[in-house]
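Peer 1: Turn this into a structure:
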Amino acid sequence: MKNISIPKWEFVFHYWKISYYICTTLYCFKYIKYFLSPLFNEFKNCTEIANIFRVLNYFTKVMKSIFLILSMVFLCHILNGQDISIINSNFAEVEQPKNCGHHHLSDNLNNEERAVQEERKSLISDYLQKYIENLPADYKAGAPINIPVAVHFQNYSNPDHTCLKNLAVDQIDRLNKDFQGINIDVGNWEVAKVYYPNVDRGMSGLNFCIAKYNHPAGFGLNNGDLAITINQTNGDFVTKWAGYLNIYVRHISDTVAGYSYVGGYGNGDGVTVDDNYFGSFSCSGVNVNGVNKLGRTLTHEIGHYLFLNHIWGPEDGCDQDDGITDTPNAQEPNEFCPQLGNTSSCGTQDLFMNYMDYAADPCMYMFTNGQVTLMEAFVNTYLTGLKSNFDNVCNAPSGLTLNVKTFLQGAYNYSSNLMEDKLRQQNRIPLTNPYRLYATFSHTANESTTQSVLNVSGVNAIVDWVVVELRSSVNSSVVVESKAGLLQRDGDIVDVNGIDPLSFVSPSGSYYVAVRHRNHLGVMTYSPQNIVSNSTIDFSSTVLNCYGNFPTKIDDGKRLMWAGNSNADDELIFQGIGNDANAVFFDVITDPENFTNDQNFIISGYYDSDFNLDGQVIYQGIGNDPNILFFNILTFPTNNLGSSSFIMLEQLP
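Peer 2: As a prediction, the model looks like this:
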């Protein structure tokens, strides 16, 4: 039998009810004895009456004992603290378990519709089983599979459009990390896997892209806009959005977090998520669930859409399962945060941390290899319309392609004539470009890459994200179009697939071309360039004339973009108001792990104060970051006095 756990809030409620009834009964017995005591004294020699009072006394003692036992059980439950619903650290919220409405969909079908649905599932299941059996022996899931998505917010009374769009971008970013197995908490599996000897976590190649081009008519979306609609659709099916995996977000009910059929069609259908369970922050007066705010309701529902069942199967019980060999059989859902090693129900430990169970968001973090293989097989076989629509709606329409090259000071290695890719080696580079978060960049698109691209090593390894701008030939301060790209070690800037040159919607013509980076001063061509498809602009070459005075550092016969711009503004300052060295200092001494505020402490991560892009921020000592800024200021050609207070200006209009 499975150890059925009761959430604390539910335990308290039932305990209160039982205690109420017991206490009421005890008081009733007390007053019955009180009022009948004269009768007992008068008839105390009567055996029948005496026996009645003995029974009353005995029953009262029994009820008192039960009350004491229940009190001890309740106290132990509180002290043990397991299977509780209060997961957030401040213990301020009492959460109810999240529920998937998948079964409610089937319940609402008539008998004929249900029969058709079940027959389809059976046929697909049989076909996919044979498909998977015939895969090559060395087959490994994880090859890139791109799927376009559209997000539809519904029934919002006072929508904050900007917030909702950012919420959608945040949710899809989390979705990609979950499916690709690079979510921040996946390391928990290293502790848990000892309980699951026949299970390996899966890492899929599924990449979900919010569509940007060739949108359906009637929704006010232009090329370049994200496929996010607000109060423009109703229900769970919109024919115009066929060819997309649609995500419908609205308030469903107080008890259902989301739902989807097992096995989507790609014909305008999709998954539906309650607005309290979508994304990681609150928007437009809708509060994100206090515990389930890692976006994993959507991960769960898209699992259904890609033909995954719950891990316990279509119904409760050990006599059935989800049809996947590497997910241990389970009797029923696991809710909240079960105790690791204490969830055995069908002879093995339940895989409660799997996205297809019911655990709270902080306690689910993985798919299995078998689930990944099944989902990819389903997409490759039954959702080919989504795959074929990807290039049409996620990649820019035919305009021009541009080969751009640049080198970043600090990352550049004079021995190899290449830049170092230490951020990539340490898995620091975000999958989605960071520039939409910078107020000083006008770039709002959310170009995203995949982990497989970042896994490439050698001369084509990725160093970091950069932004390339096409500027008006008439007014060079006007950005006509910008594109975030991936900078390789050899200086090439490539598209998000890690191979192709950057593509722009803008037609061939005359443009100023600029390159910008989050902690380097930007650089721009001296004059407009006649740009046609496959043109080349090499900012690393001293032959290219660049705009302004000393716009780059020239060293080793190459142009290097000036490093040290921790404030992501248009100047480098070592001393004085707004100086860039301060960011290095404060990042180091305020780091949560720097308990003693040690100035020699070294922090690791993806920081703007990391001028040499080695994944570390060092304020003092060997290899410290302020030194790069200091010597740039001190040796700048027009700093005739060698003043450390000299200000270097970015040479962009």
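Peer 1: From now on I want contacts and neighbour counts done on CA atoms only, so please keep to that.
Peer 2: Will do.
Peer 1: Now do the helices in the stretch 151-300 of the chain.
Peer 2: Secondary structure of the stretch 151-300 of the chain by DSSP state H, counting those that start in this stretch: the helices cover 161-180, 189-192, 296-305.
Peer 1: what does the chain give?
Peer 2: 8-42, 47-80, 102-107, 111-133, 161-180, 189-192, 296-305, 369-382, 384-394, 422-425, 451-454, 581-589, 626-634 (DSSP state H).
Peer 1: and those, which one is worst for confidence?
Peer 2: Of all the helices of the chain, the minimum mean pLDDT falls on helix 8-42 (a mean of 46).
Peer 1: quick one: low-confidence ranges for this protein?
Peer 2: 1-98, 102 (pLDDT under 70).
Peer 1: Excluding residues flanking it in the chain, which one is nearest the spatially most central residue of it?
Peer 2: In the chain, the residue lying closest to the centroid (C-alpha atoms, centre = their mean) is Arg174, at 1.3 Å. Take Arg174 and drop its neighbours on the chain: the residue closest to it by C-alpha to C-alpha, 6 or more residues apart in numbering is Gly295, 6.6 Å away.
Peer 1: pretty sure the one you found is touching Asp275, no?
Peer 2: No. With contact defined as C-alpha atoms under 8 Å, Gly295 does not count as touching Asp275 (10.8 Å).
Peer 1: check contacts around the closest residue to Met353 other than its chain neighbours.
Peer 2: The shortest distance from Met353 to any non-neighbouring residue, by C-alpha to C-alpha, 6+ apart, is to Met364 (3.8 Å). For Met364, the contact set (C-alpha atoms under 8 Å, 6 or more residues apart in numbering) comprises Phe352, Met353, Asn354, Tyr355, Asp357.
Peer 1: Identify the farthest-apart pair in these.
Peer 2: Farthest apart among the contacts of Met364 by C-alpha to C-alpha are Phe352 and Tyr355. That separation is 8.1 Å.
Peer 1: Check the spacing between the residue nearest to Arg174 and Cys283 real quick.
Peer 2: Distance, Gly295 to Cys283, by C-alpha to C-alpha, to the nearest Å: 14 Å.
Peer 1: out of these two, which sits in the busier spot?
Peer 2: Gly295 (24 against 21; other C-alpha atoms under 10 Å).
Peer 1: Can you tell me how far the more buried one is from Tyr127?
Peer 2: 31 Å.
Peer 1: Strands of the stretch 201-350 of the chain, start to end?
Peer 2: Shown for the stretch 201-350 of the chain, the strands assigned by DSSP state E, counting those that start in this stretch span residues 206-210, 228-230, 245-250, 258-259, 270-274, 335-336.
Peer 1: Can you tell me the strand partners of the last one and which way each runs?
Peer 2: Here the strand partners of strand 335-336, with direction, are listed using DSSP bridges: strand 358-359 (parallel).
Peer 1: what does the strand it pairs with rub up against?
Peer 2: Taking C-alpha under 8 Å, 6+ apart as the rule, strand 358-359 contacts Pro97, Lys98, Asn99, Cys100, Pro333, Asn334, Glu335, Phe336, Cys337, Pro338, Phe352, Met353.
Peer 1: farthest-separated two in the residues you listed?
Peer 2: The farthest-apart pair in the contacts of strand 358-359, when distances are taken by C-alpha to C-alpha, is Cys100 and Pro338, at 18.0 Å.
Peer 1: For Tyr512, give me its contacts.
Peer 2: Contacts of Tyr512 by C-alpha under 8 Å, 6+ apart are Leu470, Arg471, Ser472, Ser473, Ser476, Met524, Thr525, Tyr526, Ser527, Pro528, Gln529.
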